[in-house]
Structures are given as structure tokens and as C-alpha cells.
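S.K.: Got a predicted structure here, sequence first:
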Amino acid sequence: MHQKDVGTIFTFKIKLTITALLFVCGVFLIAIYHFFPDYRGELTFGTAVFGGLAVLYTAYYASETLKTQIDRDKVAKAFEFTGHLDDIDIVRIRVFVEHNIDHKHLTQDQVYDLIIKDREVLTAIIKLLGLLEDVSIAAQYGYIDETVAHESLVYIVNWAYNKLGVYISERRRITEDKTLYMTLEKLANSWKNKKSIHGGEL
């Protein structure tokens, strides 16, 4: 327990917002102007300063409000991706991959052939990787809150890149496009090390 100051009966705190402070100052200036007419000349300067401060605060408040709204929108967009990845087709393909693709006993060609021979499996995998690539691009360009996205999607991102890395590599070889799912690879490697896609700590 904190020792009470000698002679102190009680303490209290007042939370005074800038808006309230500006209001009190405004009332104070009006009162002075009304009751002390001899000082009205001096009040002109004070009123101008007060008005300038009010304008500055209004601009600051609008800026902070906009920033807060943008941050909330980024969080909402991160959760939108989570909802898409809970789609039943995505869940089914995860089950299929876990039970049918044995990376220890199958070659890269065999894994690739196993995926492409079933149109539904192939479609679902393309959908999954496409969504995760979108997540990666959104994180890279700051369209979503990466911290929130990491908390909710780190498992599926790492899982997909590890389990479907063989498919990705084979597609790159066949299409001769080394940039295919490159942003997803960058995000997966970053999150694996608990880093942001931009390199900072998460």
C-alpha cells in the first residue's frame, strides 16, 4: 500500500480533454469580454490565438480520427481473409493434403501428379494459394493489419507453404516463372521467424 501523505484527507483525479479545456477557455474569454470592457482590445489578440489553437486542434482531431478509422478498416480486412480461409473447400483440401500427400515417400513429380489429376483438388489448391498470395500482397502494401493477420493466419500460411511447396516449385519449373507465389514465400519465411514482411518485429 502507498503511504498516505500527512494531512491528506482524500485525493481525486480529473480527466480534462482538450475539447473541454477549449470550451472552458472560450467561456472564460467571453466572460472577460463581457465584464471587463476595458480589456477588450487585449482580448482581440488572445481570441485570435485561441481561435488558431482551436483550428489546429480540429485538424489534429480529424487526422487522428481518420487514422483510427483506417486502422480499424485494416483489422476488419484481416479478418475478412480469415473468413474466406474457413471456406469448406479450403478445409477439405487441407484434410486431403494431410491424409494423401506423403512428402517422405513421394517424389516432387509424384506429389504434383497426385494434385493435378483431380480437378477438384487442383481447383481448391489454386484457390487456397491464391487467397494466401492476396493476404501476402495486402500485408506487403499495408492494406491489412499484419499483426492481426499473423495472429489468425500464421498457421495456415506456414502449413500451406510447407505442404504445398513441392507443387509451387513444380509450377515454377513448368511455367518458367520464378515469381509465382513469391510474395507468399516471403510472408511465410518472415512469419516463421516472427518478423513482419517488411522485416520488423511482430
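M.R.: Noted; the coordinates are in hand.
S.K.: buried set for the one helix or strand residue 158 maps to?
M.R.: Counting by DSSP states H and E, the secondary-structure element that holds residue 158 is helix 146-163. Buried residues in helix 146-163, defined by neighbour count with 16 or more other Cβ atoms under 10 Å: 146, 148-150, 153-154, 156-157, 159-161, 163. (Glycine included, C-beta is placed from N, CA and C.)
S.K.: can you tell me the average pLDDT over it?
M.R.: Predicted confidence along helix 146-163 averages 93 (mean pLDDT).
S.K.: which secondary structure elements does that helix contact?
M.R.: Counting by 3 or more Cβ pairs under 8 Å, 6 or more residues apart in numbering; DSSP states H and E, the packing neighbours recorded for helix 146-163 are helix 40-85, helix 88-100, helix 119-140, helix 182-192.
S.K.: Need the residues that contact that helix.
M.R.: In this structure, residues lying in contact with helix 146-163 by Cβ atoms under 8 Å, 6 or more residues apart in numbering are 74-75, 78-79, 81-82, 85, 94, 97-98, 101, 103, 128-129, 132, 135-136, 138-139, 168, 184-185, 187-188, 191-192, 196-197, 202.
S.K.: quick one, what contacts the residue positioned nearest the centre of the chain?
M.R.: The residue at the geometric middle of the chain, judged as the C-alpha nearest the mean C-alpha position with Cα atoms, centre = their mean, is residue 145 (0.6 Å). Residue 145 makes contacts with 71, 74-75, 77-78, as judged by Cβ under 8 Å, 6+ apart.
S.K.: Any chance of those residues in TSV with pLDDT, neighbour count and distance to residue 64 as columns?
M.R.: Written out in TSV, the entries for the contacts of residue 145 read as follows (pLDDT from 0 to 100; neighbours: other Cβ atoms under 10 Å; distance: Cβ to Cβ, whole Å):
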residue	pLDDT	neighbour count	distance to residue 64
71	90	11	10
74	93	19	16
75	94	14	17
77	92	16	20
78	91	23	21
